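*Asks:* next input, structure requested:
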Amino acid sequence: MKPTLTLIAASTLLAALAVAQPGKKLQYTLTDLGVLPGGTFSYAAGISNSGQIAGHAGAADGTWRAALWLNGQLKNIGTPGLGGQNSEAFGINLFGHASGEAQTTIEDPNGEDFCGFKALGLPSNGTTCLPFVWHNGVMNALPTLGGPNGSADAINDLGEITGYAENLTQDPSCPSPQIYQFKPVVWKQQEIHELPTYPGDLEGYALGINDFGQVVGASGPCAPFNPNAQVYFTLVHPLLWQSDGSVTHLPTLGGSGNVFGNSACAINNRGQAVGQSDLTGDTTGHGVLWQHGAAIDLGVFPGDFASLAFDINDFGQVIGTSIDGGFNLRAVLWQHPEPGNPGVPLDLNTLIPANSGLQLQLAEGLNDLGEIVGFALQTSSGQTHGFLLTPR
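*Replies:* Numbers count the residues shown, from 1 in each chain. Predicted coordinates:
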C-alpha cells in the first residue's frame, strides 16, 4: 500500500475507534523536542501526516534558526539558510518540503524590519527577509511582488504555499519602519499569485491552505508591529479564498479585531476553518470554527477569559490555547466541535503523564493521526521547548 493510503487508513481507523469508544479517556505520550547545541529555546509550529515537524530553535548566539525534526532528529535548516541571521519554518508537507521566512545577506534598502526579528529583541543586522521553500537539503527563496521582503507560511501536499509579500507601492499609513504595502499571496510551482483583500484593506496575509487549494487568512490596515501575529497590520477581516482566487469575508463574533484579531488560521480538506475573533465590546477574543458560512464560538477552558484556535485536522479536532486572567497559557484541544455543540476545550496538560516536567502552553500544529505539536515551559529550567504529543 502506498504511504499516503497507509496514513489515510490509519487515520480512518483512529477516528472510527474514537467514535466506537466514546467513554475511553484520551491520553498522549509526550516528547520534549529539545534544543540546538548551546541553545535554550525551541518552538514546533507544524506537523505533517508523515510525522515530520517544522519550527525554529534558538542558536547559541541568540538568533533563531529554522528547524525541522525529521525522524526524531533536530535539524538546523537555517544554517546556511539564505545566509542571514534569523529564520523560521512554519509549514511542512507529507514529502518533507518546508516553508517559512529567512533573513538574507542583502541590506534592506529602506531599513524595514519586515519579519520583526529586531522588534522581537533578536540580534539582527538589518537585511531583507524572504519567503522560502526547503527540500532535498536546500533552502530556496520564493519571489515577492516586486518588493524587497516577504514571508511564507503553510504548504500543502501539492507543494502550494501561502504567505504575504511586499510590492513597491508605499503605504503612507504604515508606521516606521514599514513602508510598502504587503499582500496575501499563494505560490504555485514557485510562481507567485496575489490574492484580493477585503475592499479598502491595503495589507493582508494568507495562512492556511488545504489540498484543494482553498486558502484562509486576514486583511486590514497597516499598524505597528504585532508581536503575536508578527505582522504590521491589524487583523480586521477574516478571509477565505477559493482555488480560483475568489474571496469570501468570513463572519466574526462581533469585535473589531483590535484585541486578539479577527483571522482564519487553518482549513482542512472538508472546508472547515479555524482561527480567532474578538467579541462584541472588544474586551476579549475566542477561538472560532467556521463551517457552512457560520462562525461557531469555541469558548474557553472553564475559568479562563480568552482562547485562540490554530489548527484543525480532517476529523474535526481543533487545537489552540486558552488564557486565564493572569495571561497564563494552557494548550487545549476541542474534540469535534460542531454547530450548537462546540464542547468544552480539554486542557492537554491533564492528558499527559504526571510530573512530565513540561507545562504545555500552546498547541499549534495537528495532523490526521491526531499528533500535536507546539511549545511548552520546561518547569525545571524556565526554558521554552517544542513538544510532540502522540495519542496512546
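*Asks:* could you pull up phi and psi at the closest residue to residue 163 other than its chain neighbours?
*Replies:* Leaving out its chain neighbours, the residue that sits closest to residue 163 by Cβ to Cβ, 6 or more residues apart in numbering is residue 152, at 4.0 Å. Just so you know, the C-beta spots here come from the backbone N, C-alpha and C atoms, and that holds for glycine as well. Dihedral pair for residue 152: phi -110, psi 150, per degrees, to the nearest 10.
*Asks:* what's the burial count for residue 152?
*Replies:* A count of nearby residues for residue 152, using other Cβ atoms under 10 Å, gives 29.
*Asks:* and what of residue 343?
*Replies:* Residue 343 has 14 nearby residues by other Cβ under 10 Å.
*Asks:* how close does the residue nearest to it when sequence neighbours are not counted sit to residue 296?
*Replies:* Counting by Cβ to Cβ, 6+ apart, the nearest residue to residue 343 once its immediate chain neighbours are dropped is residue 337, at 5.2 Å. Applying Cβ to Cβ, to the nearest Å, the value for residue 337 to residue 296 is 6 Å.
*Asks:* any residues in contact with both of these two?
*Replies:* residue 289 (Cβ atoms under 8 Å, 6 or more residues apart in numbering).
*Asks:* what about these two, which has more around it?
*Replies:* Between residue 337 and residue 296, counted using other Cβ under 10 Å, the more crowded position is residue 337 (25 against 22).
*Asks:* circling back to that earlier point, which ones are touching the residue nearest to residue 343?
*Replies:* Counting by Cβ under 8 Å, 6+ apart, residue 337 makes contact with 289, 296, 298, 316, 318, 343.
*Asks:* centre of the chain to stretch 211-223, how far?
*Replies:* 12 Å (Cα atoms, centre = their mean, to the nearest Å).
*Asks:* can you check stretch 35-50 too?
*Replies:* For stretch 35-50, the distance to the chain centre is 14 Å (Cα atoms, centre = their mean).
*Asks:* name the residues of stretch 75-84 that are buried.
*Replies:* Residues of stretch 75-84 classed as buried: 75-78, 81-82, 84 (neighbour count, 16 or more other Cβ atoms under 10 Å).
*Asks:* from these, which ones fall inside strands?
*Replies:* Among the buried residues of stretch 75-84, the ones falling in strands (DSSP state E) are 75-76.
*Asks:* which one of the buried residues of stretch 75-84 is nearest to residue 285?
*Replies:* Comparing the buried residues of stretch 75-84 against residue 285 with Cβ to Cβ picks out residue 78 as the nearest, at 31.6 Å.
*Asks:* from what I see, the closest one and residue 87 are in contact.
*Replies:* Yes - at 3.8 Å, residue 78 and residue 87 qualify as touching, with contact defined as Cβ atoms under 8 Å.
*Asks:* let me see the ranges of the helices in this protein.
*Replies:* Along the chain, counting by DSSP state H, helices occupy 3-20.
*Asks:* so where is it shaky, pLDDT-wise?
*Replies:* 1-24 (pLDDT under 70).
*Asks:* look up which residues are beta-bridged to the residue nearest to residue 264 when sequence neighbours are not counted.
*Replies:* Excluding its sequence neighbours, the residue lying closest to residue 264 (Cβ to Cβ, 6+ apart) is residue 216, at 3.6 Å. Under DSSP bridges, the beta-bridge partners of residue 216 are residue 208, residue 240.
*Asks:* residue 216: how many residues sit nearby?
*Replies:* As a burial measure, residue 216 scores 27 neighbours (other Cβ under 10 Å).
*Asks:* now do the contacts for residue 231.
*Replies:* Neighbour list for residue 231: 116, 164, 203, 205, 225 [criterion: Cβ under 8 Å, 6+ apart].
*Asks:* once you drop chain neighbours, what's closest to the second one?
*Replies:* Taking Cβ to Cβ, 6+ apart as the measure, residue 164 lies nearest to residue 205, with 3.9 Å between them; neighbours along the chain are not counted.
*Asks:* that neighbour is in contact with residue 217, isn't it?
*Replies:* Yes - assessed by Cβ under 8 Å, residue 205 is found in contact with residue 217 at 5.0 Å.
*Asks:* of these two, who's got more company?
*Replies:* Set residue 205 next to residue 217 and count neighbours by other Cβ under 10 Å: residue 217 wins out with 32 against 27.
*Asks:* test my guess that the more buried one contacts residue 184.
*Replies:* Yes - taking contacts as Cβ under 8 Å, residue 217 lies within contact range of residue 184: 5.2 Å.
*Asks:* now do the shared contacts for those two.
*Replies:* Contact criterion Cβ under 8 Å, 6+ apart; residues shared by residue 217 and residue 184: 162, 164, 195, 204-206, 239, 241.
*Asks:* stretch 347-367: which residues count as buried?
*Replies:* For stretch 347-367, by 16+ other Cβ under 10 Å, it's 347-349, 351-352, 358, 360-367.
*Asks:* which of the residues you listed fall in strands?
*Replies:* Mapping the buried residues of stretch 347-367 onto strands (DSSP E) picks out 347, 358, 360-366.
*Asks:* wait, residue 305 touches residue 285, no?
*Replies:* No - counting by Cβ under 8 Å, residue 305 does not reach residue 285; the two are 9.5 Å apart.
*Asks:* who's more crowded, those two?
*Replies:* Counted by other Cβ under 10 Å, residue 305 and residue 285 do not tie: residue 285 has more neighbours, with 27 against 16.
*Asks:* now that one, nearest residue through space, not along the chain?
*Replies:* Once chain neighbours are set aside, the closest to residue 285 by Cβ to Cβ, 6+ apart is residue 260, at 3.3 Å.
*Asks:* list just the nearest of the contacts of residue 337 to residue 107.
*Replies:* The closest of the contacts of residue 337, once distances to residue 107 are taken by Cβ to Cβ, is residue 318, at 42.1 Å.
*Asks:* what bridges to that closest one?
*Replies:* Going by DSSP bridges, residue 318 forms beta bridges with residue 312, residue 334.
*Asks:* contact partners for the closest residue to residue 321 other than its chain neighbours?
*Replies:* Once flanking residues are discounted, residue 321 sits nearest to residue 362: 4.3 Å by Cβ to Cβ, 6+ apart. Contacts here follow Cβ under 8 Å, 6+ apart; on that basis residue 362 touches 310, 320-321, 329, 331, 374-375.
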